[in-house]
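S.K.: Could you look at this predicted model? Sequence included:
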Amino acid sequence: MKALIIVLLFLILLSVCWPLGLLMLIFLPLILLLSLFFKAFGLLLTAFLGFVFAILMLPFKLVGLA
């Protein structure tokens, strides 16, 4: 259902302002690929910071303070 709404909105944009619609059709895959890179980088950074936090908290967990 969401894809159908997106296609209908694109067709409306294409009929109202066709240069903007064609520009969106060209640049949208590039924007999606760029956002995929940032999402992967964010996941990697979150995993790295979790690992560092676990290493820093290990002595406290061994003593029983945390």
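M.R.: Nice, thanks for sending it over. Residues are numbered from 1 along each chain as shown.
S.K.: which regions of the chain lie under the pLDDT threshold?
M.R.: Low-confidence segments of the chain (pLDDT under 70): 66.
S.K.: That one: helices as residue ranges?
M.R.: 2-16, 18-63 (DSSP state H).
S.K.: now those helices in CSV, with mean neighbour count?
M.R.: Every C-beta, even on glycine, is put in place using the N, C-alpha and C of the backbone. Shown next, in CSV, are those (neighbours: other CB atoms under 10 Å):
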stretch, mean neighbour count
helix 2-16, 10
helix 18-63, 10
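S.K.: residue at max distance from the center of the chain?
M.R.: Most distant residue from the mean C-alpha position of the chain: residue 63, 39.2 Å away (CA atoms, centre = their mean).
S.K.: In PDB, list the C-alpha atoms belonging to stretch 52-66.
M.R.: Backbone C-alpha positions of stretch 52-66 (Å, rounded to 0.1, in the frame of the first residue of the first chain) are rendered in PDB as follows:
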ATOM      1  CA  VAL A  52      34.200  -0.200  24.300                       C
ATOM      2  CA  PHE A  53      31.600   0.300  27.100                       C
ATOM      3  CA  ALA A  54      31.600  -3.400  27.800                       C
ATOM      4  CA  ILE A  55      35.400  -3.500  28.100                       C
ATOM      5  CA  LEU A  56      35.400  -0.400  30.400                       C
ATOM      6  CA  MET A  57      32.700  -1.900  32.700                       C
ATOM      7  CA  LEU A  58      34.200  -5.400  32.900                       C
ATOM      8  CA  PRO A  59      36.200  -4.700  36.100                       C
ATOM      9  CA  PHE A  60      33.200  -3.400  37.800                       C
ATOM     10  CA  LYS A  61      31.100  -6.400  36.800                       C
ATOM     11  CA  LEU A  62      33.900  -8.800  38.100                       C
ATOM     12  CA  VAL A  63      34.000  -7.000  41.500                       C
ATOM     13  CA  GLY A  64      30.200  -7.000  41.600                       C
ATOM     14  CA  LEU A  65      29.600  -3.200  41.700                       C
ATOM     15  CA  ALA A  66      27.600  -3.000  38.600                       C
END
